[in-house]
Structure formats: C-alpha cells, structure tokens
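[1] model this:
(one chain, ligands or ions: 1)
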Amino acid sequence: MLTKTIELTKEERANFDEYLKKIGVTRYDDSRTIPEPWVKVDATQFFEWLQTYSPQYTEFRSVKRFTDDYPYTTSMHIYWFYKNGYAVHFDYRTRELLTWKLGCDHKMKEITQKEAKSQGLSHWGMHCHVYKCTVCGFVESFDSSG
Ligand SMILES: [Zn+2]
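    Next up is the predicted model:
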C-alpha cells in the first residue's frame, strides 16, 4: 500500500491509542521518551519484519538517555507493525544499527476452538489457528489451508 506522511486526525489518533493498548504498550507519552516496554534486539529482527510486513504507523523522535548501555540522546524512527513496534537508530560514531522492540514481548500460545469460543474470539475450525499471548492477551490467527 502506498502511504504518505501525515498528521493523524483525532479519530486516527484514538485508533492508534487503541492499537498501542492491543500490542501491550504500557507507556506512550511525549516525544522525548521511548515507549514502554522495550527490549534491545538485533537489527536483523527488524529487517525480518520489514521483509514480510509494512508498518501501520511510523514516527520520528529524539529520546533522552533511557538506558545505561547507550547513554546518549537518541534520534529514532519507530516502525509500528501489527503486533510490535521497532525503534531504529543508526549510531554514526560506531557505525552500528541499534534496534529496540516495543510493546509486549509476546508469548504466543495456540488456543482451541472451544477455548476461543468461551473467550468470545473467532475460530473458523480445522485450518484456522488462533494464538493468544499469555502475557498481554494479544490475539492473532492464521489460515493454514492455502
Ligand atoms: Zn503480549
């Protein structure tokens, strides 16, 4: 999908806030802090996501020191994919690409059709696989028939 960089409308911002909640972001405030929770990951993890998915939202921010292992103000682009965000920073000093995964570090577990039904979740049967995060409750499903 072709997209352009624009400010969100009030309604889109409300949808974004809902999305943040859904992926387990517990803190998202001014542009000088990194959204929480976050965990440092290898940059290849971000590129694996980018290979398959397009981000739903992107943003740029300049974040005050937030971790002892990288004690600088850090400019970062954030790519918000359907189940996590990735904050990316290129360090000109070390030529290193630094990446942080944002939101819940999901622990996905497949649930049965019966379990899905009892939780009010859609489950279409044999070829449908529904996974739910045991930490934050994020749900995703796949069709294995095709
Ligand atoms: Zn989760």
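[2] right, and residue 27 touches residue 36 too?
    Yes: if you go by CB atoms under 8 Å, residue 27 and residue 36 touch, sitting 4.0 Å apart. Quick note: C-beta positions are derived from backbone N, CA and C, even for glycine.
[3] These two - which one has more neighbours?
    Between residue 27 and residue 36, residue 36 has the larger neighbour count (other CB atoms under 10 Å), namely 14 against 11.
[4] which residues in this protein form helices?
    Remark: helices assigned in the chain by DSSP state H are 10-22, 43-52, 113-118.
[5] and those as CSV, adding distance to the ion, mean neighbour count and mean pLDDT?
    Shown next, in CSV, are the helices of the chain (distance: least, CB to the ion, whole Å; neighbours: other CB atoms under 10 Å; pLDDT from 0 to 100):
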stretch, distance to the ion, mean neighbour count, mean pLDDT
helix 10-22, 9, 13, 95
helix 43-52, 16, 13, 95
helix 113-118, 17, 13, 92
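[6] Show me the protein divided up by domain.
    Domain assignment for the chain by automatic domain parsing gives 10-102, 108-143.
[7] Out of the helices of the chain, flag the one nearest residue 102.
    Closest approach to residue 102 among the helices of the chain (CB to CB): helix 10-22, 9.2 Å.
[8] Show me how far that closest one is from its chain's centre.
    13 Å (CA atoms, centre = their mean, to the nearest Å).
[9] Likewise for stretch 121-131?
    Computed by CA atoms, centre = their mean, the separation of stretch 121-131 from the middle of its chain amounts to 23 Å.
[10] try stretch 42-57
    Relative to its parent chain, stretch 42-57 has a centroid offset of 10 Å by CA atoms, centre = their mean.
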